[in-house]
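[1] Structure here, sequence nowhere to be found:
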């Protein structure tokens, strides 16, 4: 087992460096300029993410994803035969105040709705099976400064292990629900010490949330926004704008299951519901049809195969 793979298995994440501070600032400028052109005003807009199609075609984030440091780490964590998931999205001042969550959300919803320890396609079994591994990667374009403006994520150490404690499926399902609640309320959370240009690869079962900014950013939040647990980006200083580029990857065996979960989300929200747009765009991006010639060459040269 490699050092990167061991760190990932033990802790649930891997922390690497991708860009210099200058390069990170260049990407910040590029993303903010695009946002201003398309959505007029970053400081008053309530739009907090650029969706997969925008991220892929307007900002061409494949130039970052196919860098050796990222691909090499993914090779060690997932093996040589992994798939790039086209859930490309760029978060802009996106912060959920009470937002502890895992990124295997669809699987957990299916598990709650359809759980049976005797089913062949038991969702819990697929969540903990290494051959069905799914990871999230975030590229951070600012320092994470908890107590100031935030800028990254907080995580609960080793929380990705709680779904496979005994090997007894029915018991593990019930234990995971209880421990997840306790972990979220009382667990020791750590702010990932990411700097501008760093990337973080983390397990889809690792509990995490956006790092909180200081209290001054919360003064104008309405009761409704507190209830929705979403921080509006109005009045956020432009120089402190939080920008994170996210994408996912998975083992080859997980690919079809991931698309199945996307369709589950689309059906749950309704195809025309704005909440379904993100998931719908993922299913509409296909390889090689949705990629430019230059992007295809980038992927081929890096040895990356999209879902």
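    Received it, and whenever you're ready, just let me know what you need. Predicted, not measured: the structure shown is a model, and the values here were computed from it.

[2] Roughly how far does the residue lying closest to residue 206 once chain neighbours are set aside sit from residue 36?
    Spatial nearest neighbour of residue 206, excluding adjacent residues (Cβ to Cβ, 6 or more residues apart in numbering): residue 12 at 3.9 Å. All C-beta atoms are positioned from the backbone trio N, CA, C, and that covers glycine. Residue 12 sits 36 Å away from residue 36, taking Cβ to Cβ, to the nearest Å as the criterion.

[3] So between the two, which is more surrounded?
    Neighbours per residue (other Cβ atoms under 10 Å) separate residue 12 from residue 36, with residue 12 holding more: 23 against 14.

[4] for the more buried one, what are its contacts?
    155, 157, 158, 159, 160, 161, 202, 203, 205, 206 (Cβ atoms under 8 Å, 6 or more residues apart in numbering).

[5] pLDDT on stretch 35-53, on average?
    Averaging pLDDT along stretch 35-53 yields 72.

[6] Could you identify the buried members of the contacts of residue 12?
    155, 157, 159, 160, 161, 202, 203, 205, 206 (16 or more other Cβ atoms under 10 Å).

[7] Could I get the phi/psi values of the second one?
    Okay, so that is residue 157. phi -60, psi 130 (degrees, to the nearest 10).

[8] correct me, but it touches residue 10?
    No - taking contacts as Cβ atoms under 8 Å, residue 157 lies outside contact range of residue 10: 9.5 Å.

[9] so which of the contacts of residue 12 comes closest to residue 278?
    Of all those, residue 278 sits closest to residue 202, with 19.2 Å by Cβ to Cβ.

[10] how many other residues sit next to the residue nearest to that closest one when sequence neighbours are not counted?
    Nearest residue to residue 202 in three dimensions, chain neighbours excluded: residue 13, at 3.9 Å (Cβ to Cβ, 6+ apart). Counted with other Cβ under 10 Å, residues neighbouring residue 13 total 23.

[11] got it, and the one 3 residues further on?
    Counted by other Cβ under 10 Å, the residues lying close to residue 16 total 16.

[12] From residue 68, how far off is it?
    11 Å.

[13] cool, and residue 284?
    In terms of Cβ to Cβ, residue 284 sits 29 Å off from residue 68.
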